[in-house]
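In: sequence and predicted structure below; questions after.
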Amino acid sequence: MSTKFDPDDVSSLELLRIVPLNEAEYLSGMTAEDLQRRFPDKIIEIGENGLGMRAMDALLLTPS
């Protein structure tokens, strides 16, 4: 099994899933702090202390 992310292996439903911020970091290639600072409109509260983001949003963001 490959550990490299392959966007062709992702279903439409999976792209709509809300992922924890640490997974969004992996998908976007940015740190959680960068995601929160640059894209606050994409951050979603999950639970009392958790933050997340839609997988699709994390994949579409560019670290520049």
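Out: Right, received. Where do you want to start? Residues are numbered from 1 along each chain as shown.
In: what's the spacing between residue 51 and residue 35?
Out: 9 Å (CB to CB, to the nearest Å). For glycine as for every other residue, the C-beta is placed from the backbone atoms N, C-alpha and C.
In: show me what contacts residue 45?
Out: 51, 52 (CB atoms under 8 Å, 6 or more residues apart in numbering).
In: with adjacent residues omitted, what lies nearest to residue 39?
Out: residue 61 (6.2 Å; CB to CB, 6 or more residues apart in numbering).
In: I'd say the one you found and residue 35 touch.
Out: Yes - here residue 61 reaches residue 35: they are 7.4 Å apart, a contact under CB atoms under 8 Å.
In: overlap in contacts of the two?
Out: 28, 42.
In: if we can go back for a sec, which of residue 51 and residue 35 has more neighbours?
Out: residue 35 (22 against 17; other CB atoms under 10 Å).
In: next, the more buried one: secondary structure please.
Out: Classification of residue 35 using DSSP: H, G, I helix; E, B strand; the rest coil returns helix.
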